[in-house]
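> Below are the sequence and a predicted model for it; my questions follow.
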Amino acid sequence: MKTKTLINMAVNLGRIRLKNPVMTASGTFGYGEEYADYVDLNRIGAIVVKGLSLKPRFGNPPPRIMETAGGMLNAIGLQNIGVDAFIDEKLHFLQKFDVKVIANIYGETYAEYIKVAKKLSMAKGVHALEINVSCPNVKKGGISFGSDPKTAAQVTHKVKDATGLPVIVKLTPNVTDIAAIAQAVEKAGADAISLINTLAGMSVDLKKRMPHLKNIAGGLSGPAIKPVALRMVWQVVKRVSVPVIGIGGIMTAEDALEFLILGAKAVQIGTANFINPHATIDILEGIKNYLQSNKIKDINQIIGTFQP
Amino acid sequence: MTKDIFIGEISNNEEIQGNCFLMKVILPASFCDPQPGQFVMIRISGLYEPLLARPISIYSFSRGKDSCAIELLYSVVGKGTQILAGLISGSQVEIHGPLGRCFEIDEARKNIVFVAGGMGIAPLSLLTEHLCGDKCFSQSPMTFYLGAKTAKAVVGLDKLQKLCYNINVCTDDGTLGKKGLVTQAFQKDIKKYSPVNTAVYACGPKEMLKSLAKILRGSNFISQVSLEERMACGIGACLGCAVAVRDNKGALTYKRVCADGPVFNLREVIWQ
């Protein structure tokens, strides 16, 4: 290790300090324990857990996933054990690690968002909340909150009032003007903004002339969506001053660096975890190697250095 | 570490019947001994097309001095298996596993019945091998019901004949063995078996398992089935491979084929 110069990897997401900018994306890393056999959870910047609702949710009937060109469609339907079971059964496991735990939350009404936020704020070991205003899978779902600047701002405002924890708002790409939504949630008090969630999509089974997914439509993720995500992150970083977290098809350190150079303070790794359970650590190491070979001593020196 | 991703080298990958392939992969010695019913996720390193690994149950396993080998039996059903079928000896693949819950063996149930349809023979063949090597079952009567659409779709019979004397082959068109469904052949014989000391292990198409469930409904037979579903992660994180089951109160809930299965008690599965 003596030959390596020490590189600062820590970044600040407003009030939250991450030891490095590599986070996990909600819904792709379970509650952390699913991956503990594969990666040292202490090394991850932050773990964003599977979206939590007030009551447990069964999720959608199968088939729930379908591979498409360079990506996958999913319609899991926000299956989760509910906020109470998360606090009672899952949180203590994560507390054993020196890692920031971010609870992704979801509600069908403002009141549900508020209740979930309050419960998590009282629990020990949650460092921030990420509001899912964007999941396109459930009919009565988050789409109605995240697709309109007014409702997106409203839910942000209500969650902010309900918690003392930093609040990240995760945006949906299925909108006309994502920067307008980003500005609205920033004004409503969001401490950070993460984007993008999955793109709404479909796939048709030619033999049966039926959808591949029982839910008909699903959310597209994976390397196919990265160019879309990059462009939206670029649109948003220009218009807000809160930290932005880049998400969308990041498979390698090079992919992550693209987002960081554009101005994202951190990145979330999603679908890559399914293909390579070591993805988070591989990406972290790759970023370090890039900085090392470019003689950059601080990750922050590369963030937002994009030359348009 | 019990499960991880290993780089394996294909030593053989050939079409043994129309559309059905047998692939042998040489793995490092650190790959754990798989239990019958377990599967691996297989993927070509470095490619995004196909993006996801494919779940394939383990057909056979052998351990050498410095390495071990698995055999996978698969039919070409889509883009992923099509690409796997095109791989030549010497190609490298990522093998993630062994994954999932295996068949549970009850020593009190000495009489063993297998019901397999098509590729469903793969995990049951490994189970047969396992039971044949188990002192407790070496004297056990084992009966295998093996079904396929047509003679050309019957695979794995050679290996099975070395393990099991009592094999009933059925084909839909009667080109090999009896004409008819494998579940009908089992149903015809069902009175031969005592529910309390018989274990029924099954794997095959959904329709086959569904009719087996119907046949066994209300009886005291215990049956374990290995299920299939599209998967992304194989380790219980993505929740993509959901199967509807009854919880202990009888209400519908979803379990994960990859981590809670792929082996389930037939009784708990809800067929939709």
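Sure, I can see it. Residues are numbered from 1 along each chain as shown, chains lettered A, B, ... in the order given.
> which residues does the most centrally placed residue in chain B contact?
Nearest to the mean C-alpha position of chain B, counting by CA atoms, centre = their mean, stands B:Pro123 at 2.8 Å. Counting by CB atoms under 8 Å, 6 or more residues apart in numbering or on different chains, B:Pro123 touches B:Pro36, B:Gly37, B:Phe39, B:Ser57, B:Ile58, B:Tyr59, B:Phe103, B:Cys203, B:Ser226, B:Pro262. Bear in mind the C-beta positions are built from the backbone N, C-alpha and C, glycine included.
> Tell me how many other residues crowd the second one.
Residue crowding around B:Gly37 was assessed by other CB atoms under 10 Å in any protein chain shown; the count is 26.
> Would you mind confirming that it makes contact with B:Ile105?
No. Applying CB atoms under 8 Å, one finds B:Gly37 not in contact with B:Ile105, separated by 10.3 Å.
> how about the nearest residue to B:Gln17, chain neighbours excluded?
Computed as CB to CB, 6 or more residues apart in numbering or on different chains, the closest residue to B:Gln17 that is not its neighbour in sequence is B:Val155, at 5.2 Å.
> Please give the element, helix or strand, for the one you found.
According to DSSP states H and E, B:Val155 maps onto no helix or strand at all.
> same thing with B:Leu209?
helix B:206-216.
> hmm, the helix or strand following that helix touching chain A?
Note on helix B:206-216: by DSSP H and E, the next helix or strand toward the C-terminus is strand B:222-226. No. Residues of strand B:222-226 are not located near chain A by CB under 8 Å from any CB of the partner chain, the shortest gap being 15.9 Å.
> A:His92: what secondary structure?
Using DSSP: H, G, I helix; E, B strand; the rest coil, the secondary structure recorded for A:His92 is helix.
> and it, what does it touch?
A:His92 neighbours (CB under 8 Å, 6+ apart): A:Gly125.
> Could you give the backbone dihedrals for residue 87?
Since you didn't name a chain, this refers to chain A. phi -70, psi -40 (degrees, to the nearest 10).
> Show me what the longest strand seen in chain B is in contact with.
Longest strand in chain B by number of residues (criterion: DSSP state E): strand B:4-17. By CB under 8 Å, 6+ apart, the list of residues contacting strand B:4-17 from outside reads A:37-38, A:276-278, B:21-28, B:30-31, B:45, B:69-70, B:84-85, B:87-96, B:152-155.
> Among those residues, which lie within helices?
Members of the contacts of strand B:4-17 lying in helices (criterion: DSSP state H): B:Leu84, B:Ala85.
> Can you tell me which of the contacts of strand B:4-17 are buried?
A:38, A:276-277, B:21-25, B:27, B:31, B:69-70, B:84-85, B:87, B:91, B:93-96, B:153-155 (16 or more other CB atoms under 10 Å in any protein chain shown).
> before we move on, back to that, what lines up beside the longest strand of chain B in the sheet?
Strands adjacent to strand B:4-17 in the sheet, as given by DSSP bridges, are strand B:20-28 (antiparallel), strand B:92-99 (antiparallel).
> ok, whatever residue of the stretch 201-308 of chain A ends up closest to chain B - contacts?
Closest approach between the stretch 201-308 of chain A and chain B, counting by CB to the nearest CB: A:Phe274, at 4.0 Å. For A:Phe274, the contact set (CB under 8 Å, 6+ apart) comprises A:Thr28, A:Met72, B:Leu52, B:Ala232, B:Cys233, B:Ala237, B:Cys238.
> Any chance of the residues you listed in TSV with secondary structure, pLDDT and neighbour count as columns?
Formatted as TSV, the contacts of A:Phe274 follow (DSSP: H, G, I helix; E, B strand; the rest coil; pLDDT from 0 to 100; neighbours: other CB atoms under 10 Å in any protein chain shown):
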residue	secondary structure	pLDDT	neighbour count
A:Thr28	coil	97	25
A:Met72	strand	97	26
B:Leu52	coil	95	25
B:Ala232	coil	97	29
B:Cys233	coil	96	30
B:Ala237	coil	96	25
B:Cys238	coil	96	29
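> and stretch B:53-70, does that touch chain A?
Yes. Using CB under 8 Å from any CB, a contact is recorded between stretch B:53-70 and chain A, made by B:Ala53.
> What's the end-to-end length of that stretch?
Terminal residues of stretch B:53-70 lie 16 Å apart, using CA to CA, to the nearest Å.
> would you say B:Leu131 is within a strand?
No. Counting by three-state DSSP, B:Leu131 falls outside a strand, being helix.
> Nearest residue to it in space, please, no chain neighbours.
Distance criterion CB to CB, 6+ apart; nearest residue to B:Leu131, sequence neighbours excluded, is B:Phe137 at 4.5 Å.
> quick one: the one you found and B:Lys110 touch, right?
Yes. Using CB under 8 Å, B:Phe137 is in contact with B:Lys110, at 6.8 Å.
> which of the residues in stretch B:133-151 are buried?
For stretch B:133-151, by 16+ other CB under 10 Å, it's B:Phe137, B:Ser140, B:Met142, B:Thr143, B:Phe144, B:Tyr145, B:Leu146, B:Gly147, B:Ala148.
> What ranges in the chain fall below the confidence cut-off?
No chain was given, so I picked chain A. A:1-5, A:135-144 (pLDDT under 70).
> wait, chain B
For chain B (pLDDT under 70), the answer is B:1-2.
> what's the domain layout of it?
B:4-99, B:111-226, B:229-272 (automatic domain parsing).
> Make a markdown table out of those domains and add distance to A:Ile44.
Shown next, in a markdown table, are these (distance: least, CB to CB, whole Å):
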| stretch | distance to A:Ile44 |
| --- | --- |
| domain B:4-99 | 18 |
| domain B:111-226 | 34 |
| domain B:229-272 | 14 |
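> Please name whichever of those domains is nearest to A:Val185.
domain B:229-272 (27.4 Å; CB to CB).
> At the contact with chain B, which residues of the stretch 151-300 of chain A appear?
Counting by CB under 8 Å from any CB, the residues of the stretch 151-300 of chain A near chain B are A:Gly222, A:Pro223, A:Met251, A:Thr271, A:Asn273, A:Phe274, A:Ile275, A:Asn276, A:Pro277, A:His278.
> ok, so what distance separates the closest residue to B:Met119 other than its chain neighbours from chain A?
The shortest distance from B:Met119 to any non-neighbouring residue, by CB to CB, 6+ apart, is to B:Ser75 (5.5 Å). Using CB to the nearest CB, to the nearest Å, B:Ser75 is found at 15 Å from chain A.
> wait, isn't B:Ser75 in contact with B:Gly117?
No. Look at B:Ser75 against B:Gly117 with CB under 8 Å: they stay out of range, at 11.9 Å.
> Which one's more surrounded, these two?
B:Gly117 (25 against 16).
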